[in-house]
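Okay, here's the prediction I keep looking at, along with the sequence it came from:
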Amino acid sequence: MSSLPVDDVQGQQYFDKIIAEDSRIEPSDWMPAGYRKTLTRQVSQHAHSEIIGMQPEANWITRAPSLKRKAILMAKVQDEAGHGLYLYSAAETLGTSRDELVDQLLVGRAKYSSIFNYPARTWADIGAIGWLVDGAAIANQVPLCRASYGPYARSMVRICKEESFHQRQGWEILYELSHGTPAQKQMAQEAINRFYGPALQMFGPPDADSPNSQQSMAWNIKRFTNDELRQRFVDMIVPQAEALGLHFEDPDLKWNEGRGHYDYGELDWDEFKSVIAGEGPCNVQRMQRRRQAFEEGAWVREAAAAYAEKCERIDPNLISA
Ligand code: FAQ
C-alpha cells in the first residue's frame with residue numbers, strides 16, 4: 001500500500017499518465033519532488049551557462065575585425081543574455097526564486113558548462129565557439145524542445161532558433177579564415193584544435209558515469225543519452241570541417257562502415273573533472289567577473305524594485321502594462 005497522502009497518490013497517477021502519454025507537465029501540476037529538483041538543477045545550470053558563456057565572446061567585441069563583425073557579435077552575446085533570462089524564468093516556475101538561483105552560482109554551489117572555462121585566444125576562436133560550441137548546444141538542445149516540462153521545452157524552441165544563427169555565423173568566420181591567407185587558415189585550424197575536445201565534453205560524462213541520465217530519460221526530460229548526442233554531433237561536424245578545408249586532430253576519428261558512424265578518440269575525462277571542480281584555465285576569472293558584474297548591477301535591481309513599488313502604490317495594474 002502507498003504511504004503517500006491521497007492528494008499525492010492522485011498527483012502521482014496524473015503525473016505518470018502525462019509522462020506515459022508524452023504530454024507536458026505545467027507549473028501548477030503536481031510533480032514528484034525529484035522531478036522538480038532535477039529540473040531546477042538542469043534548467044538553472046543551463047541559465048548560468050548562458051550568462052557565464054557571454055564572457056569569452058564579449059571579450060572580443062572591442063577587437064572584432066570590422067564594424068559588421070562587431071555588430072553581429074554584439075547581437076549574439078545579447079542573445080545569450082536573453083537565453084539566460086528565459087531559462088531563469090522557466091526555472092523560477094519550479095518554485096525557486098531567481099535571487100536564490102543566482103546566489104547558488106555566485107557562492108559556487110551551482111555548476112555551469114565546462115566549455116566556458118576555456119579562453120578565446122584569437123579571433124578564430126570566436127568562429128570555433130560559434131560553430132562548435134553553439135553547434136553542440138543545438139545538438140543537445142533540439143531534443144530538449146520536447147522535454148516534458150512545458151516552460152523549459154517552450155524556452156528551448158526560441159533558443160534553438162537563435163543558436164542556429166550563432167552556429168552559422170561561427171562557421172562563416174572560419175570559412176573566411178580558412179579561405180584567406182595561409183596564416184589565417186592556420187589560425188582557424190589551431191582554434192578548432194583547441195575547441196574540439198572541450199566541445200565534445202559539453203554533452204556531459206560518458207553514459208556509464210552519468211548519474212542523472214537514466215532517471216531524466218524516464219521522465220522525458222532528456223531524450224537521448226550523453227553519448228548518443230555526442231555521436232550525433234561528431235557525425236555532423238566531420239563533413240562540415242571538410243567543407244571548411246579543416247580537419248580534427250584526432251587520430252582515431254574515422255568512418256566506421258559497420259556502425260554507420262564516425263569513431264572518435266577517448267576524450268580527456270580527467271581534464272573535464274578538473275574543469276568542473278573549478279580548476280580549468282579560466283574558472284577563477286569567469287566567477288570573479290560574474291560577481292563583479294552582479295555587484296555593479298545592484299543599482300539596476302534597486303531601480304527596478306523601486307519602480308515596481310511605486311507602480312504598486314499608484315496603480316497595481318501599471319506594473320503588468
Ligand atoms: N559542464 O549525470 P550527468 C550553450 C555535470 S549552453 C559542467 O550526465 P545531466 C549556449 C552535471 O551537471 C551550454 N558540468 O548530468 C551558449 C552533473 O552534476 P550535478 C549548457 C557538467 O544533467 C553558446 C554531473 O556532471 N547547456 O552552450 C557538464 O543528466 C555560446 C553528472 O552529469 C546545457 O546546460 C558540463 N559539460 O546531463 C552560450 C543544456 N556535463 O548537477 C553562450 C542542458 C555534465 O549532478 C555562448 N543541460 N555536468 O552536480 C543538459 O542537457 C544536461 O544537464 C547535460 C548533463 C547534458 C549538460
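Cool, got the structure.

Identify the spatial nearest neighbour of whatever residue of the chain ends up closest to the ligand, chain neighbours not counted.
Closest to the ligand within the chain is G53: 2.6 Å, counting by CB to the nearest ligand atom. All C-beta spots, glycine's among them, are computed from the backbone N, C-alpha and C. In space, and not counting its chain neighbours, G53 is closest to F116: 4.7 Å by CB to CB, 6 or more residues apart in numbering.

Check the burial of the residue of the chain closest to the ligand by counting its neighbours.
Look at G53: counted by other CB atoms under 10 Å, it has 24 neighbours.

For it, give me its contacts.
By CB atoms under 8 Å, 6 or more residues apart in numbering, G53 lies in contact with E80, Y112, S113, I115, F116, V133.

thinking again about what came up before, give the phi and psi angles for the residue nearest to G53, as a check.
phi -80, psi 10 (degrees, to the nearest 10).

same thing with D7?
Its backbone dihedrals place D7 at phi -60, psi -40, with angles given as degrees, to the nearest 10.

and it, how many neighbours does it have?
Neighbour count for D7, taken as other CB under 10 Å: 9.

Need the per-residue pLDDT for the residue nearest to it when sequence neighbours are not counted.
Spatial nearest neighbour of D7, excluding adjacent residues (CB to CB, 6+ apart): W30 at 7.5 Å. Listed pLDDT for W30 reads 96.

And for D7?
Reported pLDDT for D7: 84.

Could you report the separation of it from Y14?
Applying CB to CB, to the nearest Å, the value for D7 to Y14 is 10 Å.

need the contact list for P206.
Each residue near P206 by CB under 8 Å, 6+ apart is listed here: N226, D227, W269.

go on, D22?
S148, N220.

Tell me the residues of the stretch 51-200 of the chain that contact the ligand?
Residues of the stretch 51-200 of the chain lying close to the ligand (CB under 6 Å from any ligand atom) are G53, E80, K111, S113, S114, I129, V133, D134, A137, N140, Q141.

Next, format those residues as JSON lines and append distance to I314 and secondary structure.
Supplementary listing: these in JSON lines, determined by distance: CB to CB, whole Å; DSSP: H, G, I helix; E, B strand; the rest coil:
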{"residue": "G53", "distance to I314": "39", "secondary structure": "coil"}
{"residue": "E80", "distance to I314": "35", "secondary structure": "helix"}
{"residue": "K111", "distance to I314": "42", "secondary structure": "coil"}
{"residue": "S113", "distance to I314": "43", "secondary structure": "coil"}
{"residue": "S114", "distance to I314": "47", "secondary structure": "helix"}
{"residue": "I129", "distance to I314": "46", "secondary structure": "helix"}
{"residue": "V133", "distance to I314": "46", "secondary structure": "helix"}
{"residue": "D134", "distance to I314": "44", "secondary structure": "helix"}
{"residue": "A137", "distance to I314": "43", "secondary structure": "helix"}
{"residue": "N140", "distance to I314": "45", "secondary structure": "helix"}
{"residue": "Q141", "distance to I314": "41", "secondary structure": "helix"}
